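Participant: requesting a structural model of the entry that follows:
(4 chains)
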Number of protein chains: 2
Amino acid sequence: MKALSKAKAATIYQVAQRAGVSIATVSRALRGSHLVTEETRSRVQAAAEELRFTPNRSGRSLAEGRHAANGIVFPDLTGPYYAEVVLGYEETAATVGSSVLILATHGRPDAAAAVQELAGRVDGMAIISQCVDDDVVRNIAATGLPLVLLARDPVDGVDTVRTRNERTARTLTEHLLAHGHRSFAFLGDPAGAPDVAGRYAGLCAALTAAGRDAPAPVPCRLDLDGGLAAARALLRHPPDAVVCGNDEVALGVHLAAEDAQVSIPGDVAVTGWDDLMAARFAGLTTVAQPMRQLGAIAASWLHDRISEPDPDHPASPRRRVLPTQLVVRRSCGIHPSEVRKS
Amino acid sequence: MKALSKAKAATIYQVAQRAGVSIATVSRALRGSHLVTEETRSRVQAAAEELRFTPNRSGRSLAEGRHAANGIVFPDLTGPYYAEVVLGYEETAATVGSSVLILATHGRPDAAAAVQELAGRVDGMAIISQCVDDDVVRNIAATGLPLVLLARDPVDGVDTVRTRNERTARTLTEHLLAHGHRSFAFLGDPAGAPDVAGRYAGLCAALTAAGRDAPAPVPCRLDLDGGLAAARALLRHPPDAVVCGNDEVALGVHLAAEDAQVSIPGDVAVTGWDDLMAARFAGLTTVAQPMRQLGAIAASWLHDRISEPDPDHPASPRRRVLPTQLVVRRSCGIHPSEVRKS
DNA sequence: GTGAAAGCGCTAACAC
DNA sequence: GTGTTAGCGCTTTCAC
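Facilitator: Residues are numbered from 1 along each chain as shown, chains lettered A, B, ... in the order given. Below you'll find the predicted structure:
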């Protein structure tokens, strides 16, 4: 038995030689074709194991004309939101035999190039939120590469999955109004993300319907620090209620309120969005959304597209809006005795 | 201008034909070689854009003999812990030009096969915790594929990065003893993860040093529900302090305590590990660890290995233990007035 | 049931 | 500066 080179991975040729067969037979044997005698198969398997042979995926992909891999692009993985979506995606992709490539854009200027390059290594790709421009999306879609947009405004003929924002934001606002809150602030930049835009729109719609003025949004980064910074200014003259673009912002407001000795919900009500684990422990009223499912649907739709019978006449684009749910906790001013567990 | 086929991605041959040059020139032009006139380059670029050409990565990888991609394997992505590690990994990998493939094992029985298959599509791979057996790790390492183990007991000659567990657990325990706590419980399965084992060992060491008996561990799943379930039984006769394998478990204990009307820290002290965002809002005493950095180091070491000058004589295996830090909040019994913000 | 050989899309010598 | 061509590792006809 020859010494194994530690540096170079074994190829199908070496396995073939060792087993005394042709590379075609090795390929067949290892992939479970029934066109091989059991005897040959076990000889091949033995050789493959001795050489620790792992088929080179590039070779295989090239020959098969597919990558058996999908990509997912998102702005970041901080905060549980994207992580959950990615996980739902991975889980479903795995069940249909696709590997998953991730790409975080981090707001990098060269994000477009990175996405393009990703497009060359996958059979399909999901894009979350506004991490790249519509132009980039259109270019890639025009390539024929299957695409699914998540939590993002639809583009031309591309599949899109979103969660319900506007309607639930209206419900949330009505709830706050019922609590007697009259003056409102909104933390988040509607222009920055379609989800935030929808939430702001819902707030405005409900306020207008109630005969009240809608506040101008207070743009801020969608994380703890963003909320903290925005709240510091805001809390000097607090409104009755601060509606935040997401939970992290709302939690930032919590921290700022603590610093400023402002009581929640005594002095000001606060709401978030996403229902992160931390929201539960902070007693934050928020909106739960099926993040995992968002990712799962993307992976599943992508798989459908990839295995479409006639790619020249693709099925018409799919759209779906997943329901979201108001989760009332104490931060919006509900009486302590009424606080629902969970 | 011919109609673009929507179904099939363009190849270098089509670009060459359209630009009236050879494929070699296309390759050179597009990759910024200086061996092309500017005039040719722009012709090629125009053709490439018209055809929306994206180089097929399989072809390229095969020719170059490298994938320009790294993998990372982890048990799950729920809870912020792994997500942070993965993000740190992605971030660093991106800066050195590697794409990232993720693989969640979910405790699947065929995890080994999935990891093997992953090994065939990457230039290197990081493995977090005990998501696959040592045998699998050894097999892959023997292949010559660069590997880094994270938060896992070392294997043979494989690079390993961990975070400090035992010593900080001792510090934590001493802190609890100083609070006057005398009876302890530990929630988590030391046999399930090396991190947990280290934390338990530290607890025991500190207790033994203080002349007290170490409690037997109470095995439980490392998530909210695991902690909740384990705590329900435990809280019927609560010890002075419950030391948990991680924050999620500790937060589960919080929920159980709330249900059972047991006060934290009045009736029982609780501590976690990881310093999740939720821990801050739950007032949980815990231990912070540099998860992001863990991932970043893995990616960087992998890159070093991959570009090692002489793969036949690899540098000796690297080991590193990252420091962790006790974060004292109110759940361990500190007086409210002393609670440190953060 | 097995082997020989033709690609898959690309890079990199090597010619010119 | 550009073209020709030989692979990279694999799958898959097509012969036998």
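
Participant: show me which residues of chain A sit near DNA strand C.
Facilitator: By the rule CB under 7 Å from any atom of the strand, the part of chain A lying against DNA strand C is A:20-25, A:28, A:35-37, A:39-40, A:59, A:62-63, A:65. For the C-beta atoms, the positions are set from N, CA and C on the backbone; glycine is no exception.

Participant: in helices only, show me these.
Facilitator: Those of the residues of chain A next to DNA strand C mapping onto helices are A:23-25, A:28, A:39-40, A:59, A:62-63, per DSSP state H.

Participant: so which of these is the most crowded?
Facilitator: A:Thr25 (22 neighbours; other CB atoms under 10 Å in any protein chain shown).

Participant: for the stretch 1-150 of chain A, give me the ranges with low pLDDT.
Facilitator: Scanning the stretch 1-150 of chain A for pLDDT under 70 picks out A:1-7.

Participant: could I get the full set of strands for it?
Facilitator: A:69-74, A:99-104, A:124-128, A:147-150 (DSSP state E, counting those that start in this stretch).

Participant: so for chain B, which of those strands sits nearest?
Facilitator: Of all the strands of the stretch 1-150 of chain A, strand A:99-104 sits nearest to chain B, with 5.3 Å by CB to the nearest CB.

Participant: got the phi and psi for A:Leu284?
Facilitator: Dihedral pair for A:Leu284: phi -90, psi 130, per degrees, to the nearest 10.

Participant: as CSV, the strands of the stretch 1-150 of chain A with distance to DNA strand D and mean neighbour count would be great.
Facilitator: Shown next, in CSV, are the strands of the stretch 1-150 of chain A (distance: least, CB to the nearest atom of the strand, whole Å; neighbours: other CB atoms under 10 Å in any protein chain shown):
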stretch, distance to DNA strand D, mean neighbour count
strand A:69-74, 15, 26
strand A:99-104, 15, 24
strand A:124-128, 19, 27
strand A:147-150, 25, 26
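
Participant: could the ones you listed go into a markdown table alongside distance to chain B?
Facilitator: A markdown table is the format used below for those (distance: least, CB to the nearest CB, whole Å):
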| stretch | distance to chain B |
| --- | --- |
| strand A:69-74 | 7 |
| strand A:99-104 | 5 |
| strand A:124-128 | 11 |
| strand A:147-150 | 12 |
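
Participant: nearest to B:Ala315, of the ones you listed?
Facilitator: For B:Ala315, the closest of the strands of the stretch 1-150 of chain A is strand A:99-104, at 28.6 Å, according to CB to CB.

Participant: report the angle between the closest one and strand A:124-128.
Facilitator: With axes from the mean of the first three to the mean of the last three CA atoms, to 10 degrees applied, the angle from strand A:99-104 to strand A:124-128 works out at 30 degrees.

Participant: quick revisit: and of the ones in helices among the residues of chain A next to DNA strand C, the nearest to B:Ser300?
Facilitator: Distances from B:Ser300 to these, taken by CB to CB, are shortest for A:Gly59, at 28.6 Å.

Participant: ok, the closest residue to the closest one other than its chain neighbours to A:Leu62 distance?
Facilitator: Leaving out its chain neighbours, the residue that sits closest to A:Gly59 by CB to CB, 6 or more residues apart in numbering or on different chains is B:Leu62, at 5.8 Å. Distance of B:Leu62 to A:Leu62, given as CB to CB, to the nearest Å: 6 Å.

Participant: end-to-end on stretch A:57-74?
Facilitator: One end of stretch A:57-74 sits 25 Å from the other (CA to CA, to the nearest Å).

Participant: for it, what is the distance to the chain centroid?
Facilitator: 21 Å (CA atoms, centre = their mean, to the nearest Å).

Participant: so which residues of the stretch 101-250 of chain A form helices?
Facilitator: Taking DSSP state H, counting those that start in this stretch, the helices of the stretch 101-250 of chain A run over residues A:111-119, A:134-143, A:166-178, A:194-209, A:224-234, A:247-259.

Participant: which of those sits most buried?
Facilitator: helix A:247-259 (a mean of 25; mean count of other CB atoms under 10 Å in any protein chain shown).

Participant: what separation is there between the residue nearest the centre of chain A and DNA strand D?
Facilitator: Centroid-nearest residue in chain A: A:Val85, 3.7 Å away (criterion: CA atoms, centre = their mean). To DNA strand D, A:Val85 is 32 Å away according to CB to the nearest atom of the strand, to the nearest Å.

Participant: same check on A:Arg212?
Facilitator: 64 Å.

Participant: ok, A:Gly180 next?
Facilitator: 68 Å.

Participant: burial of that residue, as a residue count?
Facilitator: Neighbour tally, A:Gly180, other CB under 10 Å: 10.

Participant: try the one 5 residues further on
Facilitator: Burial of A:Ala185 is recorded as 24 neighbouring residues (other CB under 10 Å).

Participant: what residues does the stretch 101-250 of chain A put near chain B?
Facilitator: A:101-104, A:106, A:114, A:116-121, A:139, A:142-145, A:224, A:248 (CB under 8 Å from any CB of the partner chain).
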